[in-house]
Each structure stands twice: as C-alpha cells, then as structure tokens.
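Undergrad: just a sequence and a predicted model for now, questions to come.
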Amino acid sequence: MTEAVAFDVVSEGLAEVHRLLLPVREGEVASYIPPLALADPDDFGVALVSMDGHRYQAGSSGTLFTIQSVSKPFVHALALAELGMDELSRWVGNEPSGDAFNAISLEDGTGRPANAMINAGAIATTNLVPAASSAERFDRVLDALSAFAGRQLDVDEEVYRAESATGDRNRALAYLMHAAGSLRTDPVEAAEVYFRQCAVRVDTVDLAVMAATLANAGVNPVTGEAVVPEAVAVEVLSVMATCGMYDAAGDWLVRVGLPAKSGVSGGLAAASPARFGIACWSPPLDRTGSTVRGVVALRELSKRFGLHLLHRPARTADTVTEHGTAARAASGRERTAEERALLSRGGDRIALVAAQGELDFTATERVLRALAETVPDEPGWVVVDLHRAIAYPTPATMLGVVMRRVAAAGHRIALVGDVGEDWDCGATRHTDREEALAWAEDALLRELARAR
C-alpha cells in the first residue's frame, strides 16, 4: 500500500482528542504517596485496542506508571474465577457505595465492604485469592495482571515502599474488616499484598489491552489467551459499570455509559463490550480521584462513536464478506483469451472490499483493515461494495476520510450502495458488484492496450 494513503484514522482520532485536551490545566497530582507527587502534570497518553488485537495510541502512551486502583477489577476477576459469585459475595458486596474510594463503607452486622472497587472491598477481594502465603498470593495476582496485559509486568519497589509507609488508613480498613469477621487473613499482611498490587507498573497500552480482554469475554485479543471465563468478565464489567468510578459512578454511567476504573496515579481503563478497550493516563485528578483529562476524553469519544451501553446493539454477522483483487475475484463478464491473460497479470491493481451490516466503530475498523491489506501500492482501481451495509455517521466519516486519501493517491474508486454519497472522493456509482468490477477491468484493459 502506498505511503501516501494513511488508513490509521483511529490513531488520528486519538491524537486529535489528545491535542484538544493537552492544554487542560484542571486537577491536582496525587501527593499523599510521595513518588506520585513527582509525576509530570503534562503527561497524557491515550490508547485503544480492538477486538482483533490492533493497538492504537497517542501521546505518552508508552510511559510507565503504577496501576493503583485500576488493578481492582482484574484482581476481582481472578477471585471470581477461583471462588464463584456466590462465595465471593459472602465477603464482598456488589452495591455502589456512593462514597470516596477510601471510605469506611462496611455493611452493618457483617462488616462486608460494599463492593470490590473501593479500597476496603479491594483489600478483602485480593486476600480471598487462594494461596498458601501472602507471597504466593501476590505472585498469583501479578500473574493475573500480566495475563490481562499480555506481557510480564513488574513492581515499582519505590512506590511500594511509599504505599506501605503512608498506608495507615488502608491498614485501619483491614483491621476493621478483620474485627468484623469479613477479612480472613492477617490485617497487616492483607494490606501489604494490596500495597504491592497497587505498585505494579503498566503503561497506557497495557491498560487498554487489559480492558479489551474484559470487553472480549475474557480472551486477551492480543495473545489469544483465555484469561477468565466469559461469565466472570460479564460480572466484573457489571460491577465496573456501577461502582468503578466511586462517588461519580452515576454521572459517569449517564455521560459515558462504559464500565470503567480509575486510579490515583492518573490511569483510567474502560471497556466497550465486543468493541474495544480504551485507556488514558494523565496525573492531574478531579475531586473523586479520577484523571481529569481521561474523564473528558472518554466523554468525548463516547459521544463521537455512540459507545454508551444502552445504545442499540451492533451487528453480530461478519462485517467484511470479501476482500481481494480482480486477479482472484473477476467480474464474470465474457472476455477473450487475450483479455483474460491480461487481467490475470494485471488484476492485482484492482482491489475489492465488500462489507455488510451496521458499520459501527468495530465494523468500520475492520473495513479499514481490509482496505489497508488490499489496495494496491501503485495507482489502480478500488471497488467498495457496501450495498448491504448501513453506516453510523461518525464511522462513515472515518471511511470517507480514507476514501479521499485513496483517490488522492491516484486510485479510481467504484462504490456499490448508498453509503458514502457525501464522501467527495470522485467515485463512480454502480448498481452491483459485477458492474463495478467490469468497469474497473475495462479501464485496466484500456490502459494496458495503450501501453503496448
């Protein structure tokens, strides 16, 4: 594919959001853990991982930071996979607390924390992971986080020591739960495992892969590993949707509509089920302890791409039904032996991509990938058959941008269907695929005839 044609409009969209929000100066960097106070407030990374494992990113997306509370849903998934919902719910609830992340939010009579996303619930959940010792328990936690991320993660030892040195409130929560009977392990050891969990290092792309794994029914879309069962992924996403953003969870669900989890280092991971995982990192925090830029970025992206969970569901059939070249997918028109020979030799200059169904974000991204694999390097002809497709406005704009770039690179475009009437890419319109391919073949034959 010629370098003059850029298909990665997803990264461009992330870069645009990054550029628009980088000047935002609201929020304060967390300072109660001293190493976090050293973060650069201008750092801002955005990353997205599709269900096919493609990674898109912008800004400081490769910079490492500690995962902090964004670890909670993934350790919750580990505990759920081991114990099941009924057993885990005996010790940790599933109800929004309406309180801050470090609040004393324990059920009267049982001492059970409200949910696994607040600190008390996370400490209890981590220490429900079966293990013979606290060291083994943390190793299991680290292995699980690494499987979600698709690579081996490690610990920032300096941050861990600072977490431990400043963690009296979390120790107090552990002691309260232990006294109430809702924490079965030693409170000091329980808090230390949790501190170490929070100090695991990730980058923004790691968080996007982790969120994409939950969005992909528990299967890591990059490695192909089934990290947790689908039922576990659904349960975790449910708790994230209602509890992941603490005392701002209701406003988040209304405005963004995606299961998400934030952390005090500035990380934010959100899952769009069956679509993608997305993550942001920007250290300045709002009053609830969530990244200011990340929250605004997810609001904007949700609005642009219609990501709210309560929108109508996307299609389930395969989007790209065919992609290749005329050397293998000819029009079927009658040709002389000489013409067939010419088309056999030059047919790779005619690309064909056919798609069906609703072109939401995920479907459109797959069409873009098919075009990137198929459009010839030298100027030729591109047949795009969308007569069985329906496009959402913003994803259709993404396709339109690419079509204009394809035309600018010297390719001639044939469109089948009503989609793309406003793309302004100089395309010819055809009633069916056979007619469009025949038009391209005729043009190729004329060019080859002139060249002789």
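TA: Structure received. Residues are numbered from 1 along each chain as shown.

Undergrad: A helix includes Ala389, no?
TA: No - counting by DSSP: H, G, I helix; E, B strand; the rest coil, Ala389 is not part of a helix but strand.

Undergrad: pretty sure it is touching Gly417, no?
TA: Yes - taking Cβ atoms under 8 Å as the definition, Ala389 is a contact partner of Gly417 at 6.4 Å. C-beta: built from backbone N, CA, C; applies to glycine.

Undergrad: which of these two has more neighbours?
TA: Ala389 (26 against 22; other Cβ atoms under 10 Å).

Undergrad: quick one: residues contacting the more buried one.
TA: With Cβ atoms under 8 Å, 6 or more residues apart in numbering as the criterion, the residues that contact Ala389 are Ala355, Gln356, Gly357, Glu358, Leu359, Gly417, Val419.

Undergrad: how near is Leu448 to Gly410?
TA: Using Cβ to Cβ, to the nearest Å, we find Leu448 at a distance of 17 Å from Gly410.

Undergrad: more crowded one of these two?
TA: Leu448 (15 against 12).

Undergrad: wait, that one sits on Leu342?
TA: Yes - between Leu448 and Leu342 there is a contact under Cβ under 8 Å: 5.2 Å.

Undergrad: so which bits of stretch 389-407 are buried?
TA: 389-392, 395-407 (16 or more other Cβ atoms under 10 Å).

Undergrad: Ala172 - how many residues pack around it?
TA: 15.

Undergrad: an error on my part: the question was meant for Ser344.
TA: If we define neighbours as other Cβ under 10 Å, then Ser344 has 13 of them.

Undergrad: pull the residues that contact whichever helix in the chain runs longest.
TA: With secondary structure taken from DSSP state H, the chain has its longest helix at helix 433-451. The contact list for helix 433-451 (Cβ under 8 Å, 6+ apart) reads 326, 329-333, 335, 339, 342-343, 346-347, 349-350, 352, 354, 380-381, 383, 385, 387, 412, 414-416, 428, 430.

Undergrad: same check on stretch 185-200?
TA: 66-69, 71, 75, 119, 122-124, 126-127, 134, 137-138, 141-142, 145, 153-157, 159-160, 163-164, 167, 170-171, 174-175, 177-178, 183, 263.

Undergrad: Val205 is in contact with Leu64, correct?
TA: No - using Cβ under 8 Å, Leu64 makes no contact with Val205, being 10.7 Å away.

Undergrad: quick one, which of the two is more surrounded?
TA: Set Leu64 next to Val205 and count neighbours by other Cβ under 10 Å: Val205 wins out with 25 against 13.

Undergrad: that one contacts Ala58, doesn't it?
TA: No - Val205 is beyond contact range of Ala58, at 10.8 Å (criterion: Cβ under 8 Å).

Undergrad: common neighbours of these two, please.
TA: Ala47.

Undergrad: who's in contact with the residue sitting nearest the centre point of the chain?
TA: Nearest to the geometric centre of the chain sits Gly277, at 1.5 Å (Cα atoms, centre = their mean). Neighbour list for Gly277: 48-49, 207-216, 269-271 [criterion: Cβ under 8 Å, 6+ apart].

Undergrad: and the helices in the stretch 251-400 of the chain?
TA: With helices called from DSSP state H, counting those that start in this stretch, the stretch 251-400 of the chain shows them at 292-305, 337-346, 361-374, 393-408.

Undergrad: columns mean pLDDT on top of the ones you listed, output as a markdown table?
TA: Below are the helices of the stretch 251-400 of the chain laid out as a markdown table (pLDDT from 0 to 100):
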| stretch | mean pLDDT |
| --- | --- |
| helix 292-305 | 90 |
| helix 337-346 | 87 |
| helix 361-374 | 92 |
| helix 393-408 | 90 |
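
Undergrad: quick check: pLDDT value at the residue nearest to Ala241 when sequence neighbours are not counted.
TA: When the adjacent residues along the chain are set aside, Ala241 lies closest to Pro259, with 4.2 Å between them (Cβ to Cβ, 6 or more residues apart in numbering). On pLDDT, Pro259 comes in at 97.

Undergrad: can I assume Pro259 is in contact with Ala270?
TA: Yes - using Cβ under 8 Å, Pro259 is in contact with Ala270, at 6.7 Å.

Undergrad: which one's more surrounded, the two?
TA: Legend: neighbour count by other Cβ under 10 Å for Pro259 and Ala270, higher for Ala270 (33 against 28).

Undergrad: quick one: least confident helix or strand in the protein?
TA: helix 337-346 (a mean of 87; mean pLDDT, DSSP states H and E).

Undergrad: show me what contacts Tyr160?
TA: Phe195, Arg196, Ala199.

Undergrad: do you know how far the last one is from Val75?
TA: What that stands for is Ala199. 13 Å.
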